[in-house]
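Trainee: got a sequence here, can you build the structure:
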Amino acid sequence: MYLAALNVKGFRRVEELNLRFRPGLNVLVGPNNVGKTAVVDGLRALLTTAEEGALRVDAYDLHASGGHAATEITFHYVFRDLTLDEEADFLPALKPMLAAPGAPDKYEAHLWVRYNTNGTTGRMRPKRWCGDHEENSITTEMLEDLRAVYLPPLRDPASGLKPSRSSQLARLIDRLANDSEKEELVELLKKFEEKLEVEKPVAKTQSAIETRHVAMLGSTLKQALKIGLTPPEFQRLAARLALAVEGLDIEQNGLGYNNLIYMAVVLSELALNPDAAYKALIVEEPEAHLHPQLQVVLLDHLQAIEAPVPGQKPVQVFVTSHSPHFASAAKLDSLTCLHQGEGKIGAFFPREATFLPKKKEKLQRYLDVTRADLFFARRLILVEGTAERFLVEAMAAKMSIKLREHSVTILSTEGLNFDCFAPLFGSAAIPIRVAILSDADAPGYPVLGATPTMSAAATAIAKLANTHIKTYFAARTLEYDLALLPANQTHMLTALADIHPGIAAELKLKVDAAAAANKPRELFCGMFDRGPTVGNVKKGEFAQALAAVIADPAVSFTTPTYIADALVYVTTP
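Mentor: I've put the predicted structure just below:
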C-alpha cells in the first residue's frame, strides 16, 4: 500500500491544499514560505505518532487570512494498492474506488486527523478516525501498521546511531537476526564473559570491590557482585553495539556522511520490517549537510530503491528541498511543485502536465542546476540563449529594475525550446508570471517601429501564451533590434572593439558612411552576417562585452520596447 493523496486544511499558511503522491520517491520543491514543512508535518500527524516523532500542534498553527482564523486543522489521507490482508486490517477505513465497467472492485483506505482547541491552554488535541464516520476511531493496530521515520533539517544523525535500546542500529540488528541467531550471539557473549572474568585486571578489580562491600555491609547484608559487559540478553547486547567509521567513533565522522549512513540504516530497517503494512521515510532538506555531488548520489539511490530487491518491501519516500541540484537530478514524475499563486498556496505535478511528443524527455535532459531554478522562482523570463540572458539582465539593471528583489529568474532554453517549459506554467500549473523573449525572424531588415512579420517558429511560440505566459518578440533578432536604436550603435561598436578591434575599426567606417536608415543593417551584418568567407562574431562573446559597456554608469543605453514590456510584466506586483 502507498499514500496516494493528502488533503491539508486550515494549517498554518495553507487554507486548503490537495496533494497527490506516487509510490516510491516524492520530491517536494518550491520557494520559501509555500508550505513544504506544513506538508511534512501533515504526514507526521498520522505516520509518526510514536514519541520520537510525534507532532505537537497549538493554536498558532491555525490558518489565518484576512482577519479570520480557522477553528480546526484537518488532514485527510488516502491509501491505495492494499493487499487483501491489508484491506482486512483497515476494514473500517475502506471505501470503494471508481472502477471501469467490468473491472474488479478496488478499495482505498481513508484516514483522518483533526485538531481542535482544548479549552484555554492553546494546546490542540488530535482526533483520529477512518472511513465515513468519526465514530470509527483509528485503532492502535492500524497506527502500528503505519511505520514512518522522520528526519528533520539540521539533524544530528550520530545521536540516532549511539548505543541505546531505541537506536536505529539496534532496530536493524533485531530485524535481521532470527531466534536461533540471537541465541547464538547470547551464548557467544556468555563464553566471552567466562574468559573475561578470570583475567587478572578484572579478577583483581572484582576482589577489591567485594572485599570493601563485605567490610561495609557484613556477611548478612552483602549482595552478589559480578563485573561483566552486560546481562546475557540479546536486546541488551544490541543496545550496546556502536557503529565505527574507518576505525573512528561515529561522532568523529563528518555530518554529511553521517546523514547518509543514518539514512542507510533507517531505509534498511524499514524495508526489512515485516510487521508494518506501510513504510515511509520523511526527510526535510537533505541538502543541509550534503554538497552537490552527494545530493545527486543520494537522489539516485532513492530513485533506484523504488523497485525493492527480493526479500524487501517498498518504502515510500518524501523529501523536501530548496536545492536546484536536487531538483535538477530528480525525475520530473517524482516532483511536486508547491507555489503561492492566485492568493493561496497550491501544488502542481509535472507528471500530470500535457507535453507534445518527446518534449517531456527533452525537458528532463535540459534540467541542469541553472534551469531547475524555475521550480523556486516567483517570476520567470525565458530566453533563447546565453547572449540574451546576459543582455536582458544588464538592460534591467540599466532601467533600475532589480530582478532579484522581484524574485525574477532568467533562464536560457538553449534555442527555441520554449514548448518544453510552457506546460509547467499557467492557471492549472505553476501560476507565476512568465515572459518568453524570442525573435520574430522577419525577412529582410525591418525599420524601427514596424509590426514584424512572424516566422513559422515565432508563430508557434506565440501560441504558447496563456493566463500567465506572455510572449514578446524582436522584429528580427535581439542584436538587430539593439542596432535599430541610434543611441545604442556607438556602444555596440565600443563593445565590438573590446573583443575584435580590427573588425570594429573597419565596421565603424562603414556605419559612419551609411545613411541613417541603413546604419542598423550595416552594423548587424558587419558582425553577424559577414558572408561565407569570413567568420561571424560570436554572439555570446559579444553579449558579455556589451553587458560590460551597458553597466558603465556614464553610458546611456536604450532598451528595445519588447524587452522593456517583458520586464514590466514580470515585475508588476
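Trainee: buried residues, the helix or strand of the chain with the lowest mean pLDDT. List them.
Mentor: Lowest on mean pLDDT, DSSP states H and E among the helices and strands of the chain sits helix 157-161, with a mean of 79. For helix 157-161, burial by neighbour count (16 or more other Cβ atoms under 10 Å) applies to 157-158, 160-161. Quick note: C-beta positions are derived from backbone N, CA and C, even for glycine.
Trainee: for stretch 540-559, same thing?
Mentor: Buried residues in stretch 540-559, counting neighbours by 16+ other Cβ under 10 Å, are found at 541-547, 549-550, 557-559.
Trainee: in helices only, show me these.
Mentor: If you go by DSSP state H, those have 541-547, 549-550 in helices.
Trainee: nearest to Lys106 among those?
Mentor: The shortest approach to Lys106 among those belongs to Ala543, at 56.8 Å (Cβ to Cβ).
Trainee: okay, the buried residues of stretch 540-559 in a markdown table with distance to Asp481 and pLDDT next?
Mentor: Formatted as a markdown table, the buried residues of stretch 540-559 follow (distance: Cβ to Cβ, whole Å; pLDDT from 0 to 100):
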| residue | distance to Asp481 | pLDDT |
| --- | --- | --- |
| Glu541 | 19 | 95 |
| Phe542 | 14 | 96 |
| Ala543 | 14 | 96 |
| Gln544 | 19 | 96 |
| Ala545 | 18 | 96 |
| Leu546 | 13 | 97 |
| Ala547 | 16 | 96 |
| Val549 | 17 | 96 |
| Ile550 | 15 | 97 |
| Phe557 | 13 | 96 |
| Thr558 | 10 | 96 |
| Thr559 | 10 | 97 |
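Trainee: the chain - how does it break down into domains?
Mentor: If you go by automatic domain parsing, the domain ranges for the chain are 2-162+244-333, 173-240, 358-571.
Trainee: any weak-confidence spans in the stretch 51-200 of the chain?
Mentor: Applying pLDDT under 70 to the stretch 51-200 of the chain flags the ranges 51-53, 118-122, 154.
Trainee: residue ranges of the helices in it, please?
Mentor: In the stretch 51-200 of the chain, the segments counted as helices under DSSP state H, counting those that start in this stretch are 84-89, 140-144, 157-161, 168-176, 179-196, 200-221.
Trainee: the third one: how far from the chain's middle?
Mentor: This means helix 157-161. In this view, helix 157-161 has its centroid 24 Å away from the chain centroid, taken as Cα atoms, centre = their mean, to the nearest Å.
Trainee: try the longest one
Mentor: With Cα atoms, centre = their mean as the basis, the distance from the averaged C-alpha position of helix 200-221 to the chain average is 61 Å.
Trainee: same thing with stretch 430-439?
Mentor: Worked out by Cα atoms, centre = their mean, stretch 430-439 lies 22 Å from the chain centre.
Trainee: check stretch 29-40 too.
Mentor: For stretch 29-40, the distance to the chain centre is 9 Å (Cα atoms, centre = their mean).
Trainee: first-to-last residue distance for that stretch?
Mentor: End-to-end distance for stretch 29-40, by Cα to Cα, to the nearest Å: 12 Å.
Trainee: which outside residues touch it?
Mentor: Residues outside stretch 29-40 that contact it (Cβ atoms under 8 Å, 6 or more residues apart in numbering): 6, 8, 11-14, 17, 19, 28, 150, 282, 284, 318, 320-322, 326-327, 330, 335-340, 345, 375-378, 407.
Trainee: 7 Å - rerun?
Mentor: For stretch 29-40, contacts defined as Cβ atoms under 7 Å, 6 or more residues apart in numbering pick out 8, 11-14, 17, 19, 28, 282, 284, 320-321, 327, 335, 337-340, 345, 375-376, 378.
Trainee: next: stretch 86-103.
Mentor: Here stretch 86-103 makes contact (Cβ under 7 Å, 6+ apart) with 1, 82, 105-111, 130-131, 136, 141-142, 145, 277.
Trainee: just the buried residues from these, in PyMOL please.
Mentor: Per 16+ other Cβ under 10 Å, the buried members of the contacts of stretch 86-103 correspond to this PyMOL selection:
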select buried, resi 1+82+107+108+109+110+111+130+131+136+142+145+277
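Trainee: from the contacts of stretch 86-103, which two are the most distant?
Mentor: Largest separation among these by Cβ to Cβ: Asp105 and Glu141, giving 24.1 Å.
Trainee: settle this for me: Asp41 is touching Leu55, isn't it.
Mentor: Yes - contact criterion Cβ atoms under 7 Å: Asp41 and Leu55 qualify, at 5.5 Å.
Trainee: who has more neighbours out of these two?
Mentor: Between Asp41 and Leu55, Asp41 has the larger neighbour count (other Cβ atoms under 10 Å), namely 23 against 20.
Trainee: in a helix, the more buried one, correct?
Mentor: Yes - counting by DSSP: H, G, I helix; E, B strand; the rest coil, Asp41 is part of a helix.
Trainee: show the contacting residues for it.
Mentor: Contacts for Asp41 (Cβ under 7 Å, 6+ apart) come out as Leu55.
Trainee: and Asn26, helix, strand or coil?
Mentor: Classification of Asn26 by three-state DSSP places it in strand.
Trainee: all strands of the stretch 351-500 of the chain, in order?
Mentor: All strands of the stretch 351-500 of the chain, identified by DSSP state E, counting those that start in this stretch, fall at 379-383, 408-412, 433-439, 469-474.
Trainee: show residues contacting the third one.
Mentor: Surrounding strand 433-439, the residues in contact under the criterion Cβ under 7 Å, 6+ apart are 379-384, 388, 392, 416, 418, 425, 458, 461, 464, 468-474, 476-478, 563, 566, 569-570.
Trainee: on that earlier part again, Arg236: which of the ones in helices among the buried residues of stretch 540-559 is nearest?
Mentor: Relative to Arg236, the closest of those is Gln544; by Cβ to Cβ it sits at 67.3 Å.
Trainee: wait, doesn't the closest one sit right on Phe390?
Mentor: Yes - counting by Cβ under 7 Å, Gln544 touches Phe390, with 5.7 Å between them.
Trainee: circling back: and the least confident helix or strand of the chain, what does it pack against?
Mentor: Helix 157-161 sits against helix 168-176, helix 255-271, with contacts defined as 3 or more Cβ pairs under 7 Å, 6 or more residues apart in numbering; DSSP states H and E.
Trainee: please tabulate those helices in JSON lines, including the columns distance to Leu363 and mean neighbour count.
Mentor: Formatted as JSON lines, the helices and strands packed on helix 157-161 follow (distance: least, Cβ to Cβ, whole Å; neighbours: other Cβ atoms under 10 Å):
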{"stretch": "helix 168-176", "distance to Leu363": "38", "mean neighbour count": "19"}
{"stretch": "helix 255-271", "distance to Leu363": "29", "mean neighbour count": "20"}
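Trainee: which one of the buried residues of helix 157-161 is nearest Ala203?
Mentor: Nearest to Ala203 among these is Leu161, at 33.9 Å by Cβ to Cβ.
Trainee: got the contact list for that closest one?
Mentor: The neighbourhood of Leu161, defined by Cβ under 7 Å, 6+ apart, consists of 167-169, 243, 250, 262, 265.
Trainee: at 6 Å what do you get?
Mentor: 169, 243, 250 (Cβ atoms under 6 Å, 6 or more residues apart in numbering).
Trainee: number of residues surrounding the second one?
Mentor: Right, the one you point to is Leu243. 18.
Trainee: I'd say it and Ile250 touch.
Mentor: Yes - contact criterion Cβ atoms under 6 Å: Leu243 and Ile250 qualify, at 5.3 Å.
Trainee: can you list the weak-confidence ranges in the protein?
Mentor: 50-53, 118-122, 154, 230.
Trainee: how about the domains of the chain, which one is nearest Phe349?
Mentor: Of all the domains of the chain, domain 2-162+244-333 comes closest under Cβ to Cβ, at 6.0 Å.
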